[in-house]
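Trainee: pasting a predicted model and its sequence here:
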Amino acid sequence: MLFQNYGLFWHADRIAWGSPGHAGTLLGRQGATEAPIDFRYQRGVYALYDENFQMLYVGQAGYGNKRLYDRLDNHMSDHLGERWQRFSWFGIDPVVGKKKKRRVEECEPTAPEVSSVLNHLEAILIAAAEPALNRQGGKFGDAEQFFQYWEDDDDDELLEAVGVMSERLAEIEKRLKSL
């Protein structure tokens, strides 16, 4: 299998950008209860999008020492600057480990069959570009999709607000049933 995992339309403003002496993180996970995995060292290809999901740039990560996080960080200060707000990535390094100990592990990919390569390339193009006439999604095979994770101080407030709204909806439902 060529591509092991991917993330679609992650937000640039939800990346934990590092500061001098402190490395940033690029966190994702598959489920809400899963521990986040840092994809900053992932190798593969990526696409940058503007606020209207128009693709602005396609690049690769892993050539030399530049991994995914490094390439994204470079684009924050290059000619693309603030023009991109989202990105999708497609990684060749697998996620290994169990439960809370999962991590990206660099490995040399083996040459997959031609049909697998073509399926992955088609899947990447469909996922990254979202062409209007492609109704069928791509065939990633066993590649795992990850969703962006970020630490947000407002999470507790949001959960509380959702709880209050749920209670209010239950009250309204009860009143409507009694009519």
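Mentor: Cool, the structure landed.
Trainee: for the rest of this, base every contact and every neighbour count on C-alpha atoms.
Mentor: Will do.
Trainee: mind listing the strands in this structure by residue range?
Mentor: Using DSSP state E, the strands of the chain run over 5-11, 27-29, 37-38, 44-49, 55-61, 86-91, 95-96, 103-104, 144-145, 147-148.
Trainee: show residues contacting the third one.
Mentor: Read that as strand 37-38. 25-29, 102-104 (C-alpha atoms under 8 Å, 6 or more residues apart in numbering).
Trainee: please render these as a markdown table that adds neighbour count and distance to Asn74 to the earlier fields.
Mentor: Shown next, in a markdown table, are these (neighbours: other C-alpha atoms under 10 Å; distance: C-alpha to C-alpha, whole Å):
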| residue | neighbour count | distance to Asn74 |
| --- | --- | --- |
| Thr25 | 18 | 14 |
| Leu26 | 23 | 14 |
| Leu27 | 20 | 18 |
| Gly28 | 21 | 20 |
| Arg29 | 20 | 24 |
| Arg102 | 17 | 27 |
| Arg103 | 17 | 24 |
| Val104 | 20 | 21 |
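Trainee: and the gap between Ile126 and Ser88?
Mentor: Per C-alpha to C-alpha, to the nearest Å, Ile126 is found 12 Å from Ser88.
Trainee: more neighbours, these two?
Mentor: Between Ile126 and Ser88, counting by other C-alpha atoms under 10 Å, Ser88 is the more crowded of the two (21 against 18).
Trainee: mind listing what the more buried one touches?
Mentor: 6-10, 46-48, 128.
Trainee: mind running it again at 6 Å?
Mentor: Listed by C-alpha atoms under 6 Å, 6 or more residues apart in numbering, the contact set of Ser88 reads 7-9, 46-47.
Trainee: for it, which non-adjacent residue is closest in space?
Mentor: Leu8 (4.4 Å; C-alpha to C-alpha, 6 or more residues apart in numbering).
Trainee: mind checking pLDDT for Val164?
Mentor: pLDDT, Val164: 64.
Trainee: cool, the one 4 residues further on as well?
Mentor: You'll see Arg168 listed with a pLDDT of 76.
Trainee: could you dump the contacts of Ser88 to JSON lines with neighbour count?
Mentor: Shown next, in JSON lines, are the contacts of Ser88 (neighbours: other C-alpha atoms under 10 Å):
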{"residue": "Gly7", "neighbour count": "21"}
{"residue": "Leu8", "neighbour count": "19"}
{"residue": "Phe9", "neighbour count": "18"}
{"residue": "Tyr46", "neighbour count": "23"}
{"residue": "Ala47", "neighbour count": "23"}
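Trainee: show me which of those residues is closest to Arg71.
Mentor: Tyr46 (9.3 Å; C-alpha to C-alpha).
Trainee: which ones are touching that closest one?
Mentor: Counted by C-alpha under 6 Å, 6+ apart, Tyr46 has contacts 58-59, 88-89.
Trainee: got the CA coordinates for stretch 69-76 in CSV?
Mentor: C-alpha atoms of stretch 69-76 as CSV (Å, rounded to 0.1, in the frame of the first residue of the first chain):
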residue,chain,number,x,y,z
TYR,A,69,5.0,20.3,9.7
ASP,A,70,8.1,21.9,8.4
ARG,A,71,6.7,22.4,5.0
LEU,A,72,3.5,23.9,6.4
ASP,A,73,5.5,26.2,8.7
ASN,A,74,7.5,27.4,5.7
HIS,A,75,4.3,28.2,3.8
MET,A,76,3.2,30.5,6.6
